Every structure is written in structure tokens, then in C-alpha cells.
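Enquirer: Need the 3D shape of this:
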Amino acid sequence: MEPNEKRMLLGRFIRSHRERTAPDVATPRRRTPGLRREELAARAGIGVTWCAWIEQGREISVSAHTLARLARALALTPAERAYLFELADRRDPDGPARETTSEAPEAISALVAALPYPAYGLDRLWNACCWNASAAQLFTGWLDAGNQRNLLRFVFTAPAARCLLPDWQERAQRILAEFRVDCARMAQDAALNDLVRQLSEESELFAQAWDAQSVMAREGGTRRFTHPTDGDLNFIQHTLNPAERPDHKLVILVPCDDPPT
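Expert: All right, here's what the predicted structure looks like:
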């Protein structure tokens, strides 16, 4: 979608919700449906002219904090608020990307528990937020007892990862390139910056791969493992994002007999 088209959609979206929002005080002779423009501007703490320009789709830069004030003034639902920020190409300063909890969304935890083969959930920083017994059995050194839960830290710094992943260096670089896609939604995220800084200090390969700026879509396909007790294992990987928490992932590994081509 072209930027001009998104600005026009943003303006129409805000105007539509302004016109359906009840005023603080209704009068019998009131002809304007919903809020007047100056009433919305007062609620949001922005100028009336600025509010008009946003609704008209003018080529102006609207900050994330201005959008947040408009969302509160219009009492938008979480889905409406997410749509507002998507149209404006801004990250919601109060959105899920700023949460520090690693609690798994119910949609992920329920599926992980129900699946008989390895499955786990990842939060926005790719910490494991839930996993089943099959995943713990497969990912020794990561999801079994007593280990840290970040996938990147496991892959780049844990000796167990080099044994588990026969194509370790290639897999590590690919995983980081996939993670960088998510980083575009986390600009100025302090937790992300801390993670990158720590891993750059702990792993030379991570530092080199991060500086290379490689970006790859997270795709499915065959994944090969050399397990310390179960030997060579092959799986088909599938990754899904729940609609209610797209910053989280469900990763499923379905056993297969054919080795990767």
C-alpha cells in the first residue's frame, strides 16, 4: 500500500471513529454526530489544526505518542488501536512489544500441550515461553531443566547446540537473519538492545552475523538434529503466529523419515 493511500485511510478511520464517539455532554440541538473535531483535539491534547490535517491525510509526520493519545480519546479496542498504528507505520509505545513478561498466549500453550511431537512457543525476544516434554527431550541444553531459555543464546553460546545441530554455523546464521525480521518492530526496545549487546560480547559468530545485516523470512522445511542419545533425527518445521499476539510464535517439529535434500 502506498504511503499516501495509508494516510488517507488513517484519516478516514479517525474521522469515522470520532463521529461515532459520544460527546461528554449531549444537547438537544446538537447536529454533529459524535465528537466535534475540536472536542477530539481537546480530549487528545493536540491542536485542532493538527487533528484536521491528520483526518485530511496531509503529508505530515504523526508521532506514536500522538496516535496513542488519539486512541485513548476515541476509546479504541485493542484491535482498532493496532490497526491505527499499522496505518500510521508507527510502533505502539504501549503495545505488546514493550511487555517484559514471557507468559505464553493461551492459543500457543494449549496447542503445545496437546501436540505429541516437539512444540514450543517463543516470545518477542525468542525466549521459550512454553514447551512440551517432546521438545525438552529434543533440545537438551536448552529446554531441559536448569538452562536459560533464549533460543539465540542457546544456538550461539551453548556447546550442546554445536553437537545438536550438525550444520551449526549455517543454522545459527539463518536463525539470526530470521530474528532480524522481528527486530524491525522493536526499534528502541531496551531489552532487545541489551540482548544484542550481550550476545555480541559472548559470541564472535553472533557479532559478525549481526553486523552482516542479513534478513531472511522464517520458512518451514526439513530440520536435522544429532541427538546425544537418540541419534540422527529429521523433522519438518512449521512456525505460526497467533492472531491475538503476533509478536509470539508457535514452532512445531513434525517427525519425518527422509533426510534433508
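Enquirer: need the strands for the chain, in chain order.
Expert: Taking DSSP state E as the criterion, the chain carries its strands at 119-122, 128-131, 221-227, 231-240, 249-255.
Enquirer: Deepest in the core, which of these is it.
Expert: strand 119-122 (a mean of 25; mean count of other C-beta atoms under 10 Å). In this view, the C-beta of every residue, glycine as well, is placed from N, C-alpha and C.
Enquirer: Now Leu138: closest residue in space, sequence neighbours ignored.
Expert: Spatially, and ignoring its direct neighbours in sequence, Leu138 is nearest to Pro118 (4.8 Å; C-beta to C-beta, 6 or more residues apart in numbering).
Enquirer: how near is the one you found to Ala104?
Expert: If you measure Pro118 against Ala104 using C-beta to C-beta, to the nearest Å, the figure is 15 Å.
Enquirer: now do Asp194
Expert: 22 Å.
Enquirer: who's more crowded, the two?
Expert: Ranked by neighbour count (other C-beta atoms under 10 Å), Asp194 and Ala104 place Ala104 first, with 24 against 11.
Enquirer: May I have the beta-bridge partners of His227?
Expert: Gly231 (DSSP bridges).
Enquirer: Tell me where the stretch 1-150 of the chain is predicted with low confidence.
Expert: Scanning the stretch 1-150 of the chain for pLDDT under 70 picks out 1, 26-30, 95-102.
Enquirer: What ranges does it have for its helices?
Expert: 3-20, 37-44, 48-55, 64-73, 78-88, 106-114, 133-138 (DSSP state H, counting those that start in this stretch).
Enquirer: of these, which approaches Pro166 most closely?
Expert: Among those, helix 133-138 comes nearest to Pro166, with 14.0 Å by C-beta to C-beta.
Enquirer: so what does that closest one touch, helix or strand wise?
Expert: On a contact count with 3 or more C-beta pairs under 8 Å, 6 or more residues apart in numbering; DSSP states H and E, helix 133-138 meets strand 119-122.
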